[in-house]
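A.B. asks: Here is my input, please return the structure:
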Amino acid sequence: MKIIIISLIPILFIGSFLGGLLFIIQDLTSFIYELDTDPEIDDFYALNDIDLESLRDAATLLSEREEDYHIPINLSQVIKINESTNRVAEYRPTDNAGLFTGYALSAECFRYANLTMTTPIEKEQSLTLVKKLLSGLIKLIEVPNGGLGPEYPGQTLARFYAAPEWKTDGNFSWMFEDHHKHYNGTGKYSDWRVRLYTSKDELGGYILGIASAFKLVDDPWVQENVKLIVGQLTEGFLDSYWQEIHGDGTPCGAHLQPPTPPQWKLVIMKMAILMYPNNERYKQLYHYYLTRCMSTLNAATLGATDSISNYFGLPFEHNVILSLLLVEDNQKLIDRYITNYEKSYRAFKGQRNAYFNSIYLAMNKRRSTTAQYNITKIRWDVLDQLWRLNVSGHIPFDDTYGGDNVTITREELATTDESWVALEPKLQKWKQHPLSSLYNWLWEGDGALMPKLFEDRYIRPATADMFGVHNFIWGKSPFTTTGGSEKSSENFRTEAPGVSFSLPYWIIAYFGYL
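C.D. replies: Numbering: from 1, shown residues only. Just a heads-up that it's a prediction; the model follows:
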């Protein structure tokens, strides 16, 4: 009996330790569920004041600038422009080309599908941009694996690539520096360079891009190349047991096995059975994941913890949910996934995130059941955020902000409404609580697992016009953003691709909300 009691002591200790941590996290996230939007309290622009034609012009301009300035090698990049010459002075290096190019491709696919044949020139221009962006995604899987298609390895996806002739180009010479993420390509690409140690950020954006191209662009070249990508990805993940593999042949930590939500496997296997309908192995595996693994019980669900700790993770999880929504053709499963997501959406409904809200609006055009939330208000919320970007000088997406050279701040808004600077009270409570000192190692120091858990957070989420230039503002926490982003240089302006505006815009346009 004593032996049993003694053996239970460490179990009880670990259980108590984890239980205390879980209690703290749940208490810190509880305020998110209480948030909601009110058009009057949150000062929404009146719907009559939001010019839909002006929004469309802005979205079209951003697509044009994407092609003209942001994709020198068919990967979407932030640029620095010389104010004197108005020419690009630098293409900013990025660790997330797969993610950001996936966003850009998805936005352009929704635009392409939204354009009618009464505008054939614009539709052809859109298709050209789709093909360029898809070519960039092709190279991200082709260069590290030596070729394109299911006969080549597919468990390694690159973050970035560089051809050998770019070694002397100052915009891309960084890819030829010694770095633990940098490797040579494979086979005919052995003199190319790739940036690896790929994360789920990249995978989520990549999946969104190819799923959007598959479902929204009816071009033979696009369809054939997406099919080759999907076949290669599927075979690669099955061979590696759903792990992303680094350049040295070892797993890099990005895996799609539990506790990763099941929508990751489901969307890849769903695309695989649609594009390879005669492959019985794919069908068996898809139905195994769907039924025996009980994926339908929690597919398309997300936890709330990332809303306060790792906000950047929420958009790429939403990328996969949107991808699954696009490719699924079984109405019962669509309804099930949307019902699942609504359990998570109660944490997002008050965050003023136009991307998450546009996805929820899209869901409600695909379901056969009734929405649990106010669609009219959510649509207004998205339009208000897009209009704020339009009238605040964020279009094009550069850091001049319409000539102000700075974004609006919480302090400025607080002169008429102090709620803008009110901090979340439970956070202050736990900062002083003796119990939290047991877990300091989780959020303090360089190796902290949850470094932002105890960062000051505001109760009221930021609006779009507070954010500075960024590839995708909807991955920035609205609870820590203070506004006041300034122009980075007197002689140069920084411009990001405008997918923060164009992706939610073209989603709601495609699904009939404009």
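
A.B. asks: what sits against Met175?
C.D. replies: Phe160, Tyr161, Ala162, Trp166, His182, Arg193, Arg195 (C-beta atoms under 8 Å, 6 or more residues apart in numbering). For the C-beta atoms, the positions are set from N, CA and C on the backbone; glycine is no exception.

A.B. asks: If you rank those by neighbours, which is first?
C.D. replies: Phe160 (28 neighbours; other C-beta atoms under 10 Å).

A.B. asks: if I look at that residue, how far off is Phe100?
C.D. replies: Counting by C-beta to C-beta, to the nearest Å, the separation of Phe160 from Phe100 is 11 Å.

A.B. asks: how about the helices of the stretch 51-200 of the chain, start to end?
C.D. replies: Here the stretch 51-200 of the chain has its helices, by DSSP state H, counting those that start in this stretch, at 52-65, 97-114, 120-145, 200-216.

A.B. asks: Include mean neighbour count when you put these into CSV, please.
C.D. replies: Compiled in CSV, the helices of the stretch 51-200 of the chain are given as follows (neighbours: other C-beta atoms under 10 Å):
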stretch, mean neighbour count
helix 52-65, 17
helix 97-114, 28
helix 120-145, 21
helix 200-216, 26
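
A.B. asks: how about the strands of this protein, start to end?
C.D. replies: 79-82, 88-91, 160-162, 182-184, 193-195, 243-245, 251-255, 492-495 (DSSP state E).

A.B. asks: Which one of the ones you listed lies nearest to Lys426?
C.D. replies: Minimum separation from Lys426 across those (C-beta to C-beta) falls at strand 251-255, 31.5 Å.

A.B. asks: so where's the protein shaky on pLDDT?
C.D. replies: Low-confidence regions of the chain, defined here as pLDDT under 70, cover residues 1-17, 117-118, 441-443, 445, 447-449.

A.B. asks: hang on, the earlier thing: okay, and the common contacts of Phe160 and Phe100?
C.D. replies: Leu75, Thr94.

A.B. asks: Turn the strands of the chain into a markdown table, columns for distance to Arg281.
C.D. replies: As requested, those are exported to a markdown table (distance: least, C-beta to C-beta, whole Å):
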| stretch | distance to Arg281 |
| --- | --- |
| strand 79-82 | 45 |
| strand 88-91 | 42 |
| strand 160-162 | 31 |
| strand 182-184 | 31 |
| strand 193-195 | 29 |
| strand 243-245 | 19 |
| strand 251-255 | 21 |
| strand 492-495 | 46 |
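
A.B. asks: From Ala46, how far out is Pro144?
C.D. replies: 51 Å.

A.B. asks: Equivalent analysis for Trp166, please.
C.D. replies: Per C-beta to C-beta, Trp166 is found 50 Å from Ala46.

A.B. asks: how far does stretch 23-41 sit from the chain's center?
C.D. replies: Its chain's C-alpha centre lies 22 Å from the corresponding centre of stretch 23-41 when counted by C-alpha atoms, centre = their mean, to the nearest Å.

A.B. asks: For Gly402, give me its contacts.
C.D. replies: With contact set as C-beta under 8 Å, 6+ apart, Gly402 has these partners: Ser392, Gly393, His394.

A.B. asks: Thought Phe501 was touching the last one, still the case?
C.D. replies: Same thing as His394. Yes. His394 lies in contact with Phe501 (C-beta atoms under 8 Å); the separation is 7.2 Å.

A.B. asks: hang on, the earlier thing: which among the contacts of Met175 gets closest to Asn225?
C.D. replies: Of those, the one sitting nearest to Asn225 (C-beta to C-beta) turns out to be Tyr161, at 16.3 Å.

A.B. asks: who does that closest one bridge with?
C.D. replies: Under DSSP bridges, the beta-bridge partners of Tyr161 are Val194.

A.B. asks: Ile79 too?
C.D. replies: For Ile79, the beta-bridge partners under DSSP bridges are Tyr91, Glu495.

A.B. asks: State the distance from Asn405 to Gly393.
C.D. replies: 9 Å.

A.B. asks: just to revisit the earlier point, kindly reformat the helices of the stretch 51-200 of the chain as TSV containing distance to Asn74.
C.D. replies: Listed next are the helices of the stretch 51-200 of the chain as TSV, based on distance: least, C-beta to C-beta, whole Å:
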stretch	distance to Asn74
helix 52-65	15
helix 97-114	8
helix 120-145	3
helix 200-216	12
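
A.B. asks: what's the closest of the ones you listed to Gln77?
C.D. replies: In terms of C-beta to C-beta, the element of the helices of the stretch 51-200 of the chain nearest to Gln77 is helix 97-114, at 7.3 Å.

A.B. asks: Quick one: list the elements packing against the closest one.
C.D. replies: Helices and strands touching helix 97-114, by 3 or more C-beta pairs under 8 Å, 6 or more residues apart in numbering; DSSP states H and E, are helix 52-65, helix 120-145, helix 200-216, helix 313-327, helix 499-510.

A.B. asks: Turn those helices into a markdown table, including distance to Glu342.
C.D. replies: Compiled in a markdown table, the helices and strands packed on helix 97-114 are given as follows (distance: least, C-beta to C-beta, whole Å):
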| stretch | distance to Glu342 |
| --- | --- |
| helix 52-65 | 27 |
| helix 120-145 | 31 |
| helix 200-216 | 21 |
| helix 313-327 | 12 |
| helix 499-510 | 18 |
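
A.B. asks: between these, which one is nearest to Ser307?
C.D. replies: helix 313-327 (6.8 Å).

A.B. asks: list the helices and strands that closest one packs on?
C.D. replies: helix 97-114, helix 200-216, helix 263-275, helix 331-345, helix 354-366.

A.B. asks: right, so of these, which gets closest to Gly303?
C.D. replies: helix 331-345 (7.6 Å).

A.B. asks: thinking again about what came up before, need the helices and strands packed on helix 313-327 in a markdown table (columns: distance to Val230).
C.D. replies: Below are these laid out as a markdown table (distance: least, C-beta to C-beta, whole Å):
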| stretch | distance to Val230 |
| --- | --- |
| helix 97-114 | 14 |
| helix 200-216 | 7 |
| helix 263-275 | 5 |
| helix 331-345 | 19 |
| helix 354-366 | 21 |
